[in-house]
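S.K.: Sequence and predicted structure are below.
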Amino acid sequence: MKLKDFHYELPECFIAQRPVPERDRARLMVLNRRRRNVEHHFFYDIPKFFEPGDVLVLNDTKVFPARLIGHKLNSGKVEILLLKNIGGNDWEALVRPSNKFKKGARASISRNGFTAEALNDHQSENSHRLVRLHSEDGENVEQKISAHGHMPLPPYVKRADTAEDRERYQTVFARATGAVAVPTAGLHFTPALLNNLGNMGVSIILITLHVGYGTFKPVTSERLQDHKMYAETFSISEEAADTINRREGRLIACGTTVIRALESAANSDGKVSAMSGETDMFIYPPHHFKTADALITNFHLPHSTLLMLVSAFGGHKNIMNAYEEAKRYGYRFYSYGDAMFLERS
């Protein structure tokens with residue numbers, strides 16, 4: 001398949017700028033690949049599509065306020081998006097405007113001695129930079145990031161982050177800090193909904209994949225195999241792997257990040273191993289899935305690796321047709337948007 005096969009038109013009015021007032025009040029499109037039919041529900045209806053013995057896998061990564069706004073003396077604003085801690089207070093980051101933040105330069109993040117120092121020079125607009133964070137008042141850098149950082153809302157959210165985003169751009173089961181983007185499919189679950197599933201006999205397990213900035217990076221290579229994914233850290237515990245491998249019902253993945261972790265840890269027979277490491281797996285049609293039987297996901301950007309994964313799982317034609325129907329029915333798209341439940345044939 002070619003890049004052009006993953007294009008669709010989406011007017012800006014469909015892009016959700018804020019979450020719905022209550023998490024489980026998002027809409028839910030249910031697509032059954034075998035029956036080739038589409039049903040329209042709300043997310044609080046999702047227990048109808050589970051059965052006792054099913055295993056639901058959630059990604060417990062926690063988004064941290066990775067976007068820092070700094071100011072250089074007499075030189076204007078500098079935006080720093082922290083991507084990955086590489087030891088101590090040193091980080092890989094994206095910087096804008098990158099060419100004006102030269103090696104050795106410092107930007108003030110707050111008035112109480114929290115600064116960022118450039119450790120290397122600008123190479124290209126999209127290249128990662130190395131920055132060192134300094135705290136001069138005794139408070140550790142992690143506390144400074146938490147106090148002065150902004151939630152890294154995706155570029156298509158055309159507004160400044162608010163206090164509400166600290167809660168809502170985060171799943172209710174987030175516990176492992178390290179993501180710069182939320183695993184969006186998990187945003188719709190509430191504690192009550194998870195308790196309801198547990199009482200039905202559904203096993204709920206947590207794994208971790210720290211979502212990186214690459215989740216927003218569109219594919220630009222016409223040949224999909226030429227695209228390179230950024231590696232992301234993931235972890236699957238012995239308990240989680242054992243529950244998955246001993247299940248009696250279906251394996252239902254909440255989000256494309258869960259699929260990537262499971263597929264990365266599975267052998268050819270679909271047995272999932274406990275492991276911690278990195279994955280740069282790029283899943284696109286015609287991928288042979290070894291693990292999940294169903295997928296909960298949001299509606300994704302054109303040309304994105306997420307759309308390609310979902311198309312591999314649910315069938316390219318089915319997914320593209322479903323996206324057109326979602327527009328006809330007024331669904332909300334992207335991170336703060338509505339959800340889809342897909343069954344694999």
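M.R.: That came through, no problem.
S.K.: low-scoring pLDDT stretches of the stretch 151-300 of the chain, where are they?
M.R.: Across the stretch 151-300 of the chain, nothing is flagged by pLDDT under 70.
S.K.: how close does Thr305 sit to Asp293?
M.R.: Thr305 is 22 Å from Asp293, where distance means CB to CB, to the nearest Å. Where you see a C-beta, it was placed from the backbone N, CA and C, and this is true even at glycine.
S.K.: neighbour-wise, which of the two wins?
M.R.: Thr305 (26 against 17; other CB atoms under 10 Å).
S.K.: who's in contact with the more buried one?
M.R.: By CB atoms under 8 Å, 6 or more residues apart in numbering, the contact set of Thr305 is Gly214, Thr215, Lys217, Val219, His227, Met229, Phe282, Ile283, Tyr284.
S.K.: Try it again at 10 Å.
M.R.: 6, 214-219, 224, 227, 229-230, 256, 260, 281-284 (CB atoms under 10 Å, 6 or more residues apart in numbering).
S.K.: what's the answer for Val38, then?
M.R.: Met29, Val30, Leu31, Asn32, Asn318, Asn321, Ala322, Glu325, Ala326, Tyr329, Met340.
S.K.: What strands flank the helix or strand harbouring the last one, and is each parallel or antiparallel?
M.R.: Counting by DSSP states H and E, the element that carries Met340 is strand 339-343. Each strand that pairs with strand 339-343, with its direction, by DSSP bridges: strand 27-32 (parallel), strand 294-298 (antiparallel).
S.K.: What segments of the stretch 201-345 of the chain are strands?
M.R.: 203-209, 232-236, 251-254, 275-279, 294-298, 339-343 (DSSP state E, counting those that start in this stretch).
S.K.: and among those, the most buried is which?
M.R.: Scoring these by mean neighbour count under mean count of other CB atoms under 10 Å gives strand 251-254 as the most buried, with a mean of 26.
S.K.: Which other helices and strands does that one contact?
M.R.: strand 55-59, strand 203-209, helix 238-245, helix 256-265, strand 294-298, strand 339-343 (3 or more CB pairs under 10 Å, 6 or more residues apart in numbering; DSSP states H and E).
S.K.: Mind putting the ones you listed into a markdown table with distance to His188?
M.R.: Converted to a markdown table, the helices and strands packed on strand 251-254 look like this (distance: least, CB to CB, whole Å):
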| stretch | distance to His188 |
| --- | --- |
| strand 55-59 | 11 |
| strand 203-209 | 14 |
| helix 238-245 | 21 |
| helix 256-265 | 14 |
| strand 294-298 | 8 |
| strand 339-343 | 5 |
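S.K.: Is it correct that Pro152 falls within a helix?
M.R.: No - per DSSP: H, G, I helix; E, B strand; the rest coil, Pro152 lies outside any helix segment and is coil.
S.K.: which ones are touching it?
M.R.: Contacts of Pro152 (CB under 10 Å, 6+ apart): 63-68, 81-83, 94, 161, 165, 169, 179-182, 213, 216.
S.K.: Mind checking which of the residues you listed are in helices?
M.R.: Counting by DSSP state H, those place Asp165 in helices.
S.K.: Make a ChimeraX selection of whichever of the contacts of Pro152 turn out to be buried.
M.R.: Here is the ChimeraX command that selects the buried residues among the contacts of Pro152 (16 or more other CB atoms under 10 Å):
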select :63,64,65,66,67,68,81,82,83,94,161,165,169,179,180,181,182,213,216
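S.K.: for the stretch 51-200 of the chain, what spans make up the helices?
M.R.: 141-148, 163-168, 191-199 (DSSP state H, counting those that start in this stretch).
S.K.: Just send these back as TSV, with distance to Arg106 too.
M.R.: Output for the helices of the stretch 51-200 of the chain, formatted as TSV (distance: least, CB to CB, whole Å):
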stretch	distance to Arg106
helix 141-148	14
helix 163-168	27
helix 191-199	43
